[in-house]
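Peer 1: turn this into a structure:
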Amino acid sequence: MFRRLRETEPDRLSLRLSKTLQPFTVVPWGALAMWYLGVPIAVGAPIIVVQDNNYTAVIKRLESAGFKQSVPNRVPPSEIIENHPNPQQVLEEINAGYEHLDRSCAGFDYPNGEPTEKGLQLYLFPNMFAHSFQDDSPRPLTEAKDGAPRKRFETYGNLCYPLEQTLLESFVKTAIDEETEKGFSAWGESLRSWVSLMTGRNFGRIHEANFGPIDRRVTKRLGSGKEIPVDMRVNPI
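Peer 2: Take a look at the predicted model:
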């Protein structure tokens, strides 16, 4: 899997939010958290998690800082939606997959002052949704089953980035909650795919370690005469 080295400094969006919400503990989640760990992922709307007993106070702090509560904006680009016979139906179908998430968070539009933040939205979750904290506050260390301390967060003042195991536990528990409530979770399906990729022997990590990388070229139809003439290792076919 492709991966960068873990970051050594907070990202700009998370740092800005942690300063706005000082002294409340802020935990980046979703794409922000994965980006910090080195996952090559694009960050869209920032997502943060706060302690349950601070959730209402954090909402008020954000509003006083110029953030305006709003609904998530998932409208597809105009070039995609403009020729569709029923654009509203498309949007409703998109939002239907986020019903559990939308009910569990507060969404905000960023203030208009900073050009780099124009059009950005922020999603705020309580810990009861994201399961980031094991107790009232995120402890940097926790004791593993073998008694050895295990680091759970990388902290920068009141900004706490969840490390790999902490973030994965959070995602899994959130997917389980959604499946328990709705009977289906897109996150749960993604998790099953990831487990198959990591542990399966017909494809994925183990198969490629034994037999080499699978040819994933995106090319023209076989037999069209326009196929790429080399494989993934640039060997002639």
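
Peer 1: pLDDT wise, what is the nearest residue to Ile47 once chain neighbours are set aside at?
Peer 2: Here the nearest residue to Ile47 in space, its sequence neighbours aside, is Gly30; by Cβ to Cβ, 6 or more residues apart in numbering that works out to 4.0 Å. The C-beta positions use only the backbone N, C-alpha and C, and glycine is treated the same way. Note on Gly30: pLDDT of 91.

Peer 1: got the contact list for the helix ranked longest in the chain?
Peer 2: Longest helix in the chain, counting residues (DSSP state H): helix 164-182. Helix 164-182 has contacts (Cβ atoms under 8 Å, 6 or more residues apart in numbering) with 29, 33-34, 37, 99-100, 129-132, 150, 152-153, 162, 185, 187-188, 191.

Peer 1: can you tell me which of those residues are buried?
Peer 2: Neighbour counting with 16 or more other Cβ atoms under 10 Å marks 29, 33-34, 37, 100, 129-132, 152-153, 162, 185, 187-188, 191 as buried within the contacts of helix 164-182.

Peer 1: would you mind measuring from the spatially most central residue of the chain to His84?
Peer 2: Most central in the chain under Cα atoms, centre = their mean is Gly30, positioned 2.3 Å from the mean C-alpha point. Distance from Gly30 to His84, counting by Cβ to Cβ, to the nearest Å: 28 Å.

Peer 1: all helices for the protein, in order.
Peer 2: Using DSSP H, helices in the chain cover 12-20, 31-36, 55-64, 78-81, 87-96, 99-103, 127-130, 164-182, 186-199, 205-211.

Peer 1: so how many other residues sit close to Gly38?
Peer 2: 14 (other Cβ atoms under 10 Å).

Peer 1: for it, what are its contacts?
Peer 2: 3-7.

Peer 1: now render the residues you listed as TSV, adding distance to Lys19, neighbour count and pLDDT.
Peer 2: Below are the contacts of Gly38 laid out as TSV (distance: Cβ to Cβ, whole Å; neighbours: other Cβ atoms under 10 Å; pLDDT from 0 to 100):
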residue	distance to Lys19	neighbour count	pLDDT
Arg3	29	9	66
Arg4	25	10	80
Leu5	25	7	87
Arg6	22	13	90
Glu7	18	13	92
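
Peer 1: need the max-distance pair from those.
Peer 2: Spatially, the most separated pair among the contacts of Gly38 is Arg3 and Glu7, at 11.8 Å (Cβ to Cβ).
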